[in-house]
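A.B. asks: Predicted model, plus sequence, below.
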Amino acid sequence: MIGKTANSLRTHSNLLKADESTNKTLARIASGKRINQASDDAAGLAVAMAMESQSRGIAMQIANRQDEISLLQTAEGALSSTNDMLQRMNELSVQAANGTLTDSDRGAIQLEIDQLKEQINQTANNTTFNTKNLLDGSLDLQLQNGQSFTIPAMNTSTLGIDQTNISSSSGAQSAIGRIGQAIGTVTSQRSAIGAVQNGISSEISNLNKELINTIAAQSRIEDADMAAEIINMYRAELQSKTAIKAFKMQDENRSTILGLLGD
């Protein structure tokens with residue numbers, strides 16, 4: 001009788017273990033994670049959480065660097081417009097230097113030059129990114145890599161073209177030289193922005209590689225092996241069915257014995 005009780009207890013214990021194993025396996029399959037709680041792997045959880053913190057930090061660095069690129073692209077786009085307006089001013093100055101033009105002709109050209117100068121100043125004063133003025137000389141950007149980046153004012157006064165007057169042939173000739181220098185200044189600043197942007201893009205590429213490697217390492221620690229978990233689930237189900245069948249056989253044996261005793 002003691003032996004039968006021990007067998008029953010052992011069978012019951014096996015059934016509980018099989019059910020527990022099935023529940024853990026189902027949780028892993030449902031979540032895709034090998035570690036769903038600290039008791040699954042305390043040491044592995046600590047390492048996985050450290051790597052998750054690292055990967056989130058890298059992802060935020062990438063987002064910050066992309067914001068920096070967006071700011072620089074906004075500034076460079078505005079300078080491209082400024083460059084186009086300067087090119088038009090240069091074209092008009094060359095036209096005004098034509099000795100066959102009358103003062104009335106040059107006066108009409110001067111009206112367009114004045115409009116272009118006003119547009120250049122508006123671009124310098126109104127180009128912003130997240131409320132930061134980009135081209136009025138106030139920008140002092142602290143990049144995430146620790147470098148500082150500034151853009152000088154890009155208005156007509158700083159560019160040296162605020163007094164551009166082509167009402168005479170000599171004035172037009174003088175304007176050509178000053179506008180040419182202004183074009184060189186804007187082009188140089190655009191090149192500087194492009195160089196910084198390329199550097200940031202390279203750093204983003206490196207950060208992306210680091211992020212991929214970190215996530216892959218974290219995945220190896222905490223992600224479930226789905227094939228192995230499915231095999232474990234079938235094994236646990238088989239153990240559970242075997243334990244249940246053992247219980248039934250014990251019940252049938254007891255019933256048979258009791259029946260014989262009753263006879």
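C.D. replies: Nice, I can see it. Numbering: from 1, shown residues only.

A.B. asks: check which helix or strand covers the closest residue to residue 54 other than its chain neighbours.
C.D. replies: Spatial nearest neighbour of residue 54, excluding adjacent residues (CB to CB, 6 or more residues apart in numbering): residue 214 at 5.4 Å. From N, CA and C alone the C-beta is placed, and that goes for glycine too. Taking DSSP states H and E as the criterion, the element that holds residue 214 is helix 169-222.

A.B. asks: same thing with residue 65?
C.D. replies: helix 42-96.

A.B. asks: hang on, the earlier thing: contacting residues for the residue nearest to residue 54?
C.D. replies: Each residue near residue 214 by CB atoms under 8 Å, 6 or more residues apart in numbering is listed here: 51, 54, 55, 58.

A.B. asks: check contacts around the first one.
C.D. replies: Contact criterion CB under 8 Å, 6+ apart gives 214, 217, 218, 221 as the residues in contact with residue 51.

A.B. asks: quick one: which of the residues you listed is nearest to residue 85?
C.D. replies: residue 214 (47.0 Å; CB to CB).

A.B. asks: just for the stretch 101-250 of the chain, where's the confidence low?
C.D. replies: Within the stretch 101-250 of the chain, the set of residues satisfying pLDDT under 70 comprises 223-250.

A.B. asks: if we go to 90?
C.D. replies: Applying pLDDT under 90 to the stretch 101-250 of the chain flags residues 101-104, 144-147, 167-170, 214-250.

A.B. asks: relative to helix 42-96, how tilted is the helix holding residue 214?
C.D. replies: Interaxial angle of helix 169-222 relative to helix 42-96 (axes from the mean of the first three to the mean of the last three CA atoms, to 10 degrees): 170 degrees.

A.B. asks: can you list contacts of stretch 205-212?
C.D. replies: Contacts for stretch 205-212 (CB under 8 Å, 6+ apart): 55, 58, 59, 61, 62, 65.

A.B. asks: And for stretch 182-195?
C.D. replies: The contact list for stretch 182-195 (CB under 8 Å, 6+ apart) reads 72, 75-76, 79-80, 82-83, 86-87, 90, 151-152, 154, 159-161.
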